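J.: sharing a model prediction with you, sequence too.
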Amino acid sequence: MTLSPRTAPARTALAALALTTAAVLAGCTGSGAGTGAGTGPASSYASTAAPTPVALPDTAVGEHAAWVIESISSEPTEPNQIEGQVTERLSPTVASQLTPAQLAEVFTGLRASGPWVPTSVQSAEGQALVTIVDRDGQRLDLQLSLDADELINGILFSPSAADRVPAASWQELDDAIAGFAADTTLVVTDVASGERILEATSPGQADADESKPSGSMFKLYVLGAVADAVAAGTLAWDSPLTLTDAVKSLPSGDLRLEPSGTTITVQDAAAAMISQSDNTATDLLVATVGPEAVERSFAELGHHDPAENTPLLTTRALFQLGWGTPSSADAWQAADQDGRRALLAGLPTGLLDVDAAAVTTPVWEQGLDWFTTPDDLVAVHRGLQQKAKAPTGAPVREILAINPGLGEELTGGDTWSYIAFKGGSSVGVLAGSWYLERSDGRAFTITIQGSSGDPAELADQALFFGQVADAAALLESED
């Protein structure tokens, strides 16, 4: 889902509460990316009437969302009831930053305009974006994320993305990015010419061409290495792979929950890696082709400086080095390439022993991430589309398009004949990249990369990715 202005976005009174902790490598599976979300100085909000309720998903995050909506809609039957329930539902890290009484106070303020009705919901593993409407027609977006123990580690109320006036020009979109607090770059490129249609940066991001952490977008290079192995005949898309303890990682993705010994085809693992950003599927594929093959893929697919991502981190290695006990983040930052290879070689094998609750602090500033520029992302998308034209490459194009990462209002029309997407996130990192083919044959890329030492600046994924929805809408009529 895998879904900040310099001055906080406009929010209704009592509705501004943001917590971000372990939304790590969720890969931005798109649940918040397509709503036209976002706020800025020029945004305006309108109310809606006669809401039609929708059912919440029968999942852990759906159950938490139902509890939040009930808590802001009706009075508790017992004193301190909400405080007690909050204690049971918040992750330990969040509970250490936000007291149950503080959250209960926010709930009480929202209850004054209740009851609240859910009118739309988008969800992925452990994350949800629910639009709720009060009795006067005021709409809010409730964004929730859960940790590996299915406890709340992120909650945000913000004005509904559906009420925002989208950017009507590239200048307005540039102005919106200029209001972001996190270091952010949004670049829109004509693929054929390489011309940048938009190059927007936040005040803290001086250079749009600077390498930035990109989270799970590195999985595009893993897909390239897999396609190369298939083309070379050393692997086939229907080859069975066997899951082992040595490749099991933390979320996102469900493959980690399967017993070791489970088999999955190369194509199914690649599909899970891209569409669900499954970390275990990713590390299984890296183990299959070899990390050196992925390092070569960075070079072959046009990365400006492959050494930035050499030696290759697997997702579980990121968790181990960044948030293991003790953390090796400082050692990684200080080490040269040989030293980093030694650190990787010394990591324990077997089932991953990292507490998900400890994954709370940014480590990208110590070099623990995967780094790309906007041009790198244009090149990798272009390169993968070329690989898809090979006799063995057809699944590449299909895999990249499983999850378009944009809302139905854009993907359901006639403008776009094809959309490929991969997103990425880590603590203090949020990013996404799109390759779009227009019905007239023109192709474009949209890349957005944000990073901050304060994860709260990237809490509102709907706001962040709403800028991409605006860019895609503007491209519909681009000459």
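T.: Received the coordinates, thanks.
J.: any weak-confidence spans in the stretch 201-350 of the chain?
T.: Along the stretch 201-350 of the chain, no part satisfies pLDDT under 70.
J.: can you pull out the strands in it?
T.: Taking DSSP state E, counting those that start in this stretch as the criterion, the stretch 201-350 of the chain carries its strands at 212-213, 240-242, 263-265.
J.: those strands: which one's closest to Val289?
T.: Closest approach to Val289 among those is made by strand 240-242 (10.6 Å; C-beta to C-beta). Quick note: C-beta positions are derived from backbone N, CA and C, even for glycine.
J.: list the buried ones in the closest one?
T.: Neighbour counts over strand 240-242 (16 or more other C-beta atoms under 10 Å) mark Leu241 as buried.
J.: quick one: strands adjacent to it?
T.: Neighbouring strands of strand 240-242 in its sheet, by DSSP bridges, are strand 263-265 (antiparallel).
J.: which residues sit against the strand it pairs with?
T.: Contacts to strand 263-265, defined as C-beta atoms under 8 Å, 6 or more residues apart in numbering, come from residues Trp237, Asp238, Ser239, Pro240, Leu241, Thr242, Leu243, Leu255, Ala272, Ala281, Leu284.
J.: list the contacts for the third one?
T.: To tie it back to what came earlier, the one meant is Ser239. Ser239 is in contact with Thr265, Val266, counting by C-beta under 8 Å, 6+ apart.
J.: also the second one?
T.: Neighbour list for Asp238: Thr265, Val266, Gln267 [criterion: C-beta under 8 Å, 6+ apart].
J.: quick one, phi psi at it?
T.: Here is the backbone geometry of Asp238 (degrees, to the nearest 10): phi -100, psi 10.
J.: figure out which of the strands of the stretch 201-350 of the chain is closest to Thr392.
T.: So among the strands of the stretch 201-350 of the chain, strand 263-265 is nearest, using C-beta to C-beta, at 14.4 Å.
J.: most neighbours among the contacts of Asp238, which one is it?
T.: The most neighbours of any of the contacts of Asp238, using other C-beta atoms under 10 Å, belong to Val266, which has 22 neighbours.
J.: format the strands of the stretch 201-350 of the chain as JSON lines; extra columns: distance to Thr411.
T.: Formatted as JSON lines, the strands of the stretch 201-350 of the chain follow (distance: least, C-beta to C-beta, whole Å):
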{"stretch": "strand 212-213", "distance to Thr411": "27"}
{"stretch": "strand 240-242", "distance to Thr411": "31"}
{"stretch": "strand 263-265", "distance to Thr411": "27"}
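J.: of all those strands, which one is nearest Gly432?
T.: Nearest of those to Gly432, taken as C-beta to C-beta: strand 212-213 at 12.2 Å.
J.: packing partners for that closest one?
T.: On a contact count with 3 or more C-beta pairs under 8 Å, 6 or more residues apart in numbering; DSSP states H and E, strand 212-213 meets strand 371-372, strand 429-438, strand 443-451.
J.: what is the neighbour count of Thr310?
T.: For Thr310, the tally of surrounding residues (other C-beta under 10 Å) stands at 18.
J.: list the contacts for it?
T.: By C-beta under 8 Å, 6+ apart, Thr310 lies in contact with Glu295, Phe298, Gln337.
J.: would you write a ChimeraX line that selects the buried entries of those residues?
T.: If you want just the buried ones from the contacts of Thr310 in ChimeraX, going by 16+ other C-beta under 10 Å, the selection is:
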select :295,298
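J.: mean confidence score for stretch 468-476?
T.: Computed over stretch 468-476, the mean pLDDT rounds to 94.
J.: where's Lys117 relative to Val133, distance?
T.: I think there's a mix-up here, since residue 117 is Val and not Lys. Distance check for Val117 against Val133: by C-beta to C-beta, to the nearest Å, it reads 5 Å.
J.: now do the contacts for Glu292.
T.: Residues in contact with Glu292 (C-beta under 8 Å, 6+ apart) are Leu312.
J.: how does it look with 10 Å?
T.: Glu292 makes contacts with Ala225, Thr310, Pro311, Leu312, as judged by C-beta atoms under 10 Å, 6 or more residues apart in numbering.
J.: re the thing from before, inside helices: which ones of the contacts of Thr310?
T.: Judged by DSSP state H, these include Glu295, Phe298, Gln337 as members of helices.
J.: give me the number of residues near Pro53?
T.: For Pro53, the neighbour count with other C-beta under 10 Å is 11.
J.: and the two most separated of the contacts of Glu292?
T.: Among the contacts of Glu292, the pair separated by the greatest distance (C-beta to C-beta) is Ala225 and Pro311, at 14.4 Å.
J.: more neighbours, those two?
T.: Per other C-beta under 10 Å, whichever of Ala225 and Pro311 has more neighbours is Ala225, with 26 against 18.
J.: quick one: the more buried one and Gly215, what's the gap?
T.: To Gly215, Ala225 is 18 Å away according to C-beta to C-beta.
J.: now Thr108
T.: Counting by C-beta to C-beta - Thr108 and Gly215 are separated by 36 Å.
J.: tell me which of these two has more neighbours.
T.: Taking other C-beta under 10 Å, Thr108 and Gly215 do not tie; Gly215 has more neighbours (33 against 15).
J.: so which of the helices and strands packed on strand 212-213 comes closest to Arg196?
T.: Arg196 lies closest, by C-beta to C-beta, to one member of the helices and strands packed on strand 212-213: strand 443-451, at 9.9 Å.
J.: next one: that closest one to chain centre, how far?
T.: Averaging C-alpha positions (C-alpha atoms, centre = their mean, to the nearest Å) puts strand 443-451 13 Å from its chain's average.
J.: the inter-axis angle of the next helix-or-strand element following it versus strand 443-451?
T.: Once the chain leaves strand 443-451, the next helix or strand it forms, by DSSP states H and E, is helix 461-475. Angle, helix 461-475 to strand 443-451, by axes from the mean of the first three to the mean of the last three C-alpha atoms, to 10 degrees: 160 degrees.
J.: tilt between helix 461-475 and strand 429-438?
T.: Using the same axes, to 10 degrees: helix 461-475 against strand 429-438 is 20 degrees.
J.: got the end-to-end distance for stretch 94-105?
T.: In stretch 94-105, first residue to last residue: 16 Å (C-alpha to C-alpha, to the nearest Å).
J.: quick one on the thing from earlier: now, which of the ones in helices among the contacts of Thr310 sits nearest Gly62?
T.: Phe298 (38.5 Å).
J.: surely the closest one and Thr372 touch.
T.: Yes: contact criterion C-beta atoms under 10 Å: Phe298 and Thr372 qualify, at 9.0 Å.
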